[in-house]
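Q: structure for this input, please:
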Amino acid sequence: MKIDRRIAVMVSIIMLVVLAGCSKVKVIPEEPQAGDGVTIILKENLKNPIMEVVYLKNNLDFQFDVISPQKQEGKWVFKFDSDTLTSYAIWRVVDSDSIYFEDGSGLIFYYGNKPQHLAYYYCGLHKEKAIPYPRSVKEKEQRKIITRAVKCYDREMKYYPGEPMAFGRKKVVEYFKIKDERKRAKYLYDLEKTADSLYENGDLLSIVSAFNVAYFFSFSKTYDYFKYISEHPYIPGALDVAMSYLYQYARNLSPQDGVKWLEVGLNKYAEFIQEPSSRIKNVLRNYYYSLYYGYLVQGDTITALKYLQRVREILPHDPEPYFVEASLRMDMGTLNYRIVDSLLASAEKLFNPVSYSFTYPFYSREERHKSVSRKKTNLYRVESRYFINVGNPEKAIESLQRAIEAQGGDLNADYGDHEMLGDLLLDSGDIEKAIQHYAFAVVTGSEEENLRKMVSEKLGQKGIEKDSVDFLILNLEQQVRQNLVSAKDFEVQALNGKKIALKDLKGKIVVLNFWATWCGPCRREIPDLNRLVDKYSGNKDVVFIGITDDQKQRVSNFLGQNEFKYTVAFDISNTYEKYNVTAVPTHVIIDRSGYISARIVGSLPEMDKILGEKIEKLLK
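A: Take a look at the predicted model:
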């Protein structure tokens, strides 16, 4: 027992850390009981630190919190309280743009003389980097990570023999240690039977574990397990499964049918969601946003607005529902712009470190930056519309410039922003800058011929003589050529293990799709993209690559049930960063000379025709 307790202490506390200004850490008590308060002391050398904490509980629930410290005797002192359900806590420190203990430091809670139930289960998930915010793991690291995680799962089962959550998860991760394909197939066959055995145990934790295993590998009885859980959502982990699975089903339906099923779910589980934890708030956010968009598509803006306001209620630190509501009210033709102004002002105030920690807890530095940049971009777009509507074009121009900057600058911004900014500048009389942004619009994805025609017409409407218009259009074309960006070399790895590098595709037109299995718009546009591949199936000069940073097994499972004709490959060389991909789907077309010819962020109707037109132009 003493040896195990020493190991527990090593797992749950970092006694000495030398890390960018944070040199020592002290946790009091070192072995907290469930329900104890915890004090964490850090040496000074921070500016304005805050602590993110997630409490993981023995009923499969979790709760996020953000803690502000006190400064005592030159040290930063953070205090947080657990409850009697707390099994494991993960914490990290955020100080402006710096993040310390980025993956979080874990702390095991005890019940008497042994770890609280599920403490080592959560420890294993933490070792896997599956919680608190999933991290992609390189294949070389995976084996070491699995070994460390399995030790935690074994320890959980030592203290709690037969514990189903640890048992099921151990079975899942051990699959990835098998290299031989035949052995893998045999393992999956046996694992499917294991999931059945877990289900037949009859207790809710075992059935949730069975579902997790079956869902991960897309086993045939996944729905059967879900059906049972959906009728017995008596613990938060089961409620999450029931509501999330229903949500995924609803997303594949028409807006009318999807809305109906989501509201069925809300009514069915109404008594369980009255005081939602962080875990259930994450589910409700998805429900409310989907209901918002579903009713919006049907033209019922009043009901759409109701669900958007529910998002604000459960996520008061998130600026997005504020500026989305501001946009909706302008679409509705509001005459009261004071409400819109108030909503936008509220959104602006929520771009601060504390709100970031509540809204993006435990995100990596890069993911947090991307998420904040996306929301800033959308806020500035809405603000630009607002200033146009209230007759302040100078502020509208300023807001669009901020939107472009938030996307990483002129060459990374959406072409629609450049087109709109060009229009505003043209109306203000700044023709030179307008032409610059029209050129950037072409470089970042706008159709050059259509844009040239549109700009020519607008210049003519301004009373500019034809010779001057022709000169300005020629200037636009020259700027387009000057601003073309060389595509950075990248290397990705196909499902079969083959590596693909851009340098090996010289002289070809390369069409990239950055996507993920969890991305609804990505999935919905796959039939369009498949038609595009079919169209050029006989042309070896056009190459289609679907790049993802998703988990390999999840992608394999998805492709086992859904045909995607792009060559699917995994990012192994920071391709997302090189191409400034902050949202999926993102489409990039690289011409024969190695320049980025087009870039489209998001999914549009008839994407096959949109991309096809751009490819045809490059083939001429």
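Q: from now on I want contacts and neighbour counts done on CA atoms only, so please keep to that.
A: Fine.
Q: now do the buried residues in the longest helix seen in the chain.
A: Using DSSP state H to define each element, the chain has its longest helix at helix 365-389. Across helix 365-389, burial judged by 16 or more other CA atoms under 10 Å covers 368, 370-388.
Q: and the very next helix or strand once past it, what's buried?
A: Sequence-wise, the next helix or strand downstream of helix 365-389 (DSSP states H and E) is helix 393-406. Neighbour counts over helix 393-406 (16+ other CA under 10 Å) mark 393, 395-397, 399-406 as buried.
Q: now render those residues as CSV, adding distance to Val442.
A: Listed next are the buried residues of helix 393-406 as CSV, based on distance: CA to CA, whole Å:
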residue, distance to Val442
Pro393, 23
Lys395, 25
Ala396, 22
Ile397, 19
Ser399, 21
Leu400, 17
Gln401, 17
Arg402, 20
Ala403, 18
Ile404, 15
Glu405, 18
Ala406, 19
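Q: wait, which of those residues is closest to Lys193?
A: Nearest to Lys193 out of the buried residues of helix 393-406 is Ala406 (CA to CA; 50.7 Å).
Q: next one, pLDDT for the closest one please.
A: Per-residue pLDDT puts Ala406 at 95.
Q: I figured it hits Asn378, correct?
A: No - between Ala406 and Asn378 there is no contact under CA atoms under 8 Å: 9.4 Å.
Q: how about the secondary structure of Val173?
A: Three-state call for Val173 (DSSP: H, G, I helix; E, B strand; the rest coil): helix.
Q: you'd agree His587 is in a helix?
A: No - assigned with three-state DSSP, His587 falls outside any helix and is strand.
Q: distance of it from Tyr223?
A: Distance, His587 to Tyr223, using CA to CA, to the nearest Å: 34 Å.
Q: those two - which one has more neighbours?
A: Comparing His587 with Tyr223 by other CA atoms under 10 Å, the one with more neighbours is His587, at 21 against 15.
Q: would you mind measuring from the more buried one to Ile615?
A: 12 Å.
Q: check Ala406 too.
A: From Ala406 to Ile615 the distance is 29 Å (CA to CA).
Q: check Ser82 too.
A: To Ile615, Ser82 is 58 Å away according to CA to CA.
Q: Arg374 now?
A: To Ile615, Arg374 is 28 Å away according to CA to CA.
Q: check Ser371 too.
A: Distance from Ser371 to Ile615, by CA to CA: 31 Å.
Q: can you list the buried residues in stretch 169-179?
A: Going by neighbour count (16+ other CA under 10 Å), the buried part of stretch 169-179 is 169-173, 175.
Q: ok, now how distant is the closest residue to Ala214 other than its chain neighbours from Ala210?
A: With sequence-adjacent residues excluded and distances taken as CA to CA, 6 or more residues apart in numbering, Ala214 is closest to Thr222, at 5.2 Å. Taking CA to CA as the measure, Thr222 falls 8 Å from Ala210.
Q: now Leu424
A: Noted for Leu424: a distance of 58 Å to Ala210, by CA to CA.
Q: which one of those two is surrounded by more residues?
A: Of the pair Leu424 and Ala210, Ala210 is the one with more neighbours under other CA under 10 Å, namely 30 against 20.
Q: return the residues in contact with the more buried one.
A: With contacts defined as CA atoms under 8 Å, 6 or more residues apart in numbering, the neighbours of Ala210 are 168, 195-196, 198-199, 225.
Q: for the closest residue to Val588 other than its chain neighbours, what are phi and psi?
A: Among residues not flanking Val588 along the chain, Arg599 sits closest, at 4.5 Å (CA to CA, 6+ apart). Phi and psi for Arg599, reported as degrees, to the nearest 10, are phi -150, psi 120.
Q: next up, the contacts around Arg599.
A: Shown in contact with Arg599 (CA under 8 Å, 6+ apart): 414, 443-445, 586-589.
Q: hmm, which of the residues you listed is lowest in pLDDT?
A: Across the set of the contacts of Arg599, Gly445 stands lowest in pLDDT, at 76.
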